[in-house]
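A.B. asks: just a sequence and a predicted model for now, questions to come.
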Amino acid sequence: MAKFTDYPQAEDVRLVRLAQKGDTLAFEELVARHRDKIYARAYSMVRNEDEALDLSQEAWIKGWQRLKQFQGDSSFVTWMTRVTINVCLDHLRKRKRERAESIEQMDEDSGGVERQMPVDVPDPIAGLDRQELRVRIDKALGQLSEAHRTSLVLHEFEGLEYKEIARRMECSIGTVMSRLFYARRRMASLLAGLKKERDEQS
């Protein structure tokens, strides 16, 4: 049988099958195709370019090591995104253990009143184009604590249910709900503030 050489033209499914048989060139093609998305997911969780780069590389290594576990129930990039999320969660848990005091606790303590107050934001993103909206959301995400940001990313971007988020973050479902409630309120408030800044500058 002739050796496969047309990697750039092959679909992900074919490349995964080849990589599962030990074809490193096939896996390298998968990395080249999806590394930006995997890096972006890591960055959305840790908010640090160097850490995101290290963690995304760690995720690719784990992806290669565990590739035989991939059954094709989802797309390859969806599977790799899950691997990346788990790598980032492990990193955040380790970093949290190393801290003397949790940023999340400080945030919860200072945000109690704000959490109870209604946020008057009829449409905080009106008038923003898609690119500008991405920039605004990214900026607002960066101002959330790790726990709130991670909960929001897992629920809103990855579509995970409360139960699964609680399992991955090793907390109760009630804590997940509280974090999401606070994170959404905070995001709405931040986006409204960013929109106001934009309107005043224009």
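C.D. replies: Received it, and whenever you're ready, just let me know what you need.
A.B. asks: which helix or strand contains the spatially most central residue of the chain?
C.D. replies: Nearest to the mean C-alpha position of the chain, counting by Cα atoms, centre = their mean, stands Arg41 at 4.0 Å. Using DSSP states H and E, Arg41 sits in helix 24-46.
A.B. asks: what angle do the next helix or strand after that helix and helix 24-46 make?
C.D. replies: The first helix or strand that comes after helix 24-46 along the chain, using DSSP H and E, is helix 49-65. Put simply, helix 49-65 runs at 140 degrees to helix 24-46, going by axes from the mean of the first three to the mean of the last three Cα atoms, to 10 degrees.
A.B. asks: got the buried residues for the helix or strand that comes right after helix 49-65?
C.D. replies: The helix or strand immediately downstream of helix 49-65 is helix 76-98, counting by DSSP H and E. If you call a residue buried by 16 or more other Cβ atoms under 10 Å, then helix 76-98 has these buried ones: 76, 79-85, 87-89, 91-92. Glycine gets a C-beta too; all of them are placed from N, C-alpha and C.
A.B. asks: now stretch 15-22
C.D. replies: Here stretch 15-22 shows Leu15, Val16, Leu18, Ala19 as buried, counting by 16+ other Cβ under 10 Å.
A.B. asks: domains for the chain, by residue range?
C.D. replies: Under automatic domain parsing, the residue ranges defining each domain of the chain are 1-98, 104-202.
A.B. asks: can you add mean pLDDT and give these back as CSV?
C.D. replies: Compiled in CSV, the domains of the chain are given as follows (pLDDT from 0 to 100):
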stretch, mean pLDDT
domain 1-98, 92
domain 104-202, 77
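A.B. asks: and the helix holding Arg41, what does it pack onto?
C.D. replies: Packing contacts for helix 24-46, counted by 3 or more Cβ pairs under 8 Å, 6 or more residues apart in numbering; DSSP states H and E, involve helix 12-20, helix 49-65, helix 76-98, helix 146-152.
A.B. asks: which residues touch the longest one?
C.D. replies: Spelled out, that is helix 76-98. 12-13, 15-16, 30, 34, 37-38, 41-42, 45-46, 51, 55-56, 58-60, 62-63, 66, 70, 102, 104, 146, 150, 154, 158, 168-170 (Cβ atoms under 8 Å, 6 or more residues apart in numbering).
A.B. asks: switch the cut-off to 7 Å
C.D. replies: 12, 16, 30, 34, 37-38, 41-42, 45-46, 55-56, 58-59, 62-63, 70, 102, 146, 150, 154, 158, 168-169 (Cβ atoms under 7 Å, 6 or more residues apart in numbering).
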